[in-house]
Structures are given as structure tokens and as C-alpha cells.
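Visitor: Provide a 3D model corresponding to the input given below.
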Amino acid sequence: MSCYPPYQAPEASRRYVLDSVRETDRDRFLAALFAPEPARSDLLALLAFDHELARTRIVTREPLLARIRLEWWREASVEAAGTGKARAQPVVDALTEAVRRHGLAHDALAALIDARGEEIEGSLDVMRTGGALADLQLGVLGVTDLASREAAHAVGAAWLMGEGPERATLLAEARALRNRIDPGALPILLPALTLDRPLSPWRTPLAYWWAARRGRY
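Guide: Here you go, the predicted model:
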């Protein structure tokens, strides 16, 4: 049970997050739709949060400005995981609702911010970053078993990689756990399907639906 006071994001903020993730991260947006509400909306909030962190390297190439931007999000995440009023910003609104509903620890949010921060003056650690987001997503889905965590970490890291043998190995490791995972984790595992081969926009939701029915990814 959450230790935070309840919070309800404005409908305008929820709509903003939904539209933003659908536009910028369509495959993971479609996969999130397989989660029941309110976990579905909370997964979208996490994806929008991660997208804002990832945009740092695009918004500015000046390290100092990039760190200032990440510090803004760090402060916003502290507010989201607190008991008072969070700053008025659509993604922060949605993140606050998700964090307080599920009792997500601020340390878990900070882990994702820190992982994304490595990219300011170096290369992204895909294992660390993919795992940090996966842990937050699993918290929203209420999935706690080790097999699901290992599979989610592998898929999360593979998502951040280019095509190659390392990504193929991670996907194989994740799929080797298919008979042991909690089916509740499927909304964050289904995007693995699009890493094997490109799927047309109309085929992706059908492929996800069929895979979800069979417990595959």
C-alpha cells in the first residue's frame, strides 16, 4: 500500500502525457495499453518522464545546461515523492499521481535520472538505464518476482541498443524466462517483438494482442 497521500492529476495533464507518448514512443505506448487502469496511465507517465530525461542531450549540448535541466527534474521527482504540492507541469502531474498511487521510492526515480545523466558527457549505460526504468514499471504493475525482473531488465536494455548480437542475446535471455514470468509484466515485455523485425503500424497492435494471449514476447 502507498505511504503517500493520494493525488489526482488534472485531466489535461493526463491527455498531454497520452498524446506525447503516443507520438514519441508508439510501440511502448501500444504495449502499455495492455495494462489495466490505472496502471496503464501510470506506465505512460513513466515513459513520458523517461522521454523528458532522454531529451536532455537533444535540447542542449552544453554540459552545464544539461545538468541544470536534469536537476530541475530531480527536484520535481522529490516533490512527486513527497507529501506536498508538486510543481505544475503535465508530466510532473502524471508522475506524481503514479508515484503516490504505488508508493514508488524516490531512490528509484533518482536511479533513472542518474543513469540518464551519464549520457551528458559519456555514453549511455543501457543496462543501468533500462533496468532503472524497468524497476519503476514493475512497481506500477505490482510485479515482484525475480524472473519477471530479469526479463524486464533485459528487454529494457535491448530497447536502448542498436541491432546486433548483444541485443539478440538479451532478447534470447528474456525469452528463456517466458514460462516463469508473471503475466502482469507483459505490457512492458511486448515491445521486444518490434526489436526482432520492423512491424508496420497496423500490424504492431495485432502482433501484441496475439502475443499477449499466448504469453509471448
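Visitor: quick one: Leu146 and Gly156, what's the gap?
Guide: Counting by Cβ to Cβ, to the nearest Å, the gap from Leu146 to Gly156 is 15 Å. Placement of C-beta: from N, CA and C, glycine included.
Visitor: Now do the contacts for the most centrally placed residue in the chain.
Guide: Residue closest to the average C-alpha location in the chain (Cα atoms, centre = their mean): Leu47, at 4.2 Å. Shown in contact with Leu47 (Cβ atoms under 8 Å, 6 or more residues apart in numbering): Val21, Asp25, Arg28, Phe29, Ala32.
Visitor: Let me know the helix or strand that it is in.
Guide: Using DSSP states H and E, the element containing Leu47 is helix 39-54.
Visitor: on that earlier part again, which of the contacts of Leu47 lies at the shortest distance from Ala132?
Guide: Closest approach between these and Ala132, by Cβ to Cβ: Arg28, at 15.2 Å.
Visitor: Pull the residues that contact the lengthiest helix in the chain.
Guide: The helix spanning the most residues in the chain, taking DSSP state H as the definition, is helix 63-80. Helix 63-80 is contacted from outside by 49, 52-53, 56-57, 59-60, 85-87, 89, 92, 95-96, 99-100, 106, 109-110, 113, 116-117, 120-121, using Cβ under 8 Å, 6+ apart.
Visitor: Past that helix, which element shows up next along the chain?
Guide: Trace forward from helix 63-80 with DSSP H and E and the next one is helix 90-102.
Visitor: how much does that next one deviate in direction from helix 39-54?
Guide: 130 degrees (axes from the mean of the first three to the mean of the last three Cα atoms, to 10 degrees).
Visitor: ok now helix 90-102, how far from the chain's centre?
Guide: Averaging C-alpha positions (Cα atoms, centre = their mean, to the nearest Å) puts helix 90-102 13 Å from its chain's average.
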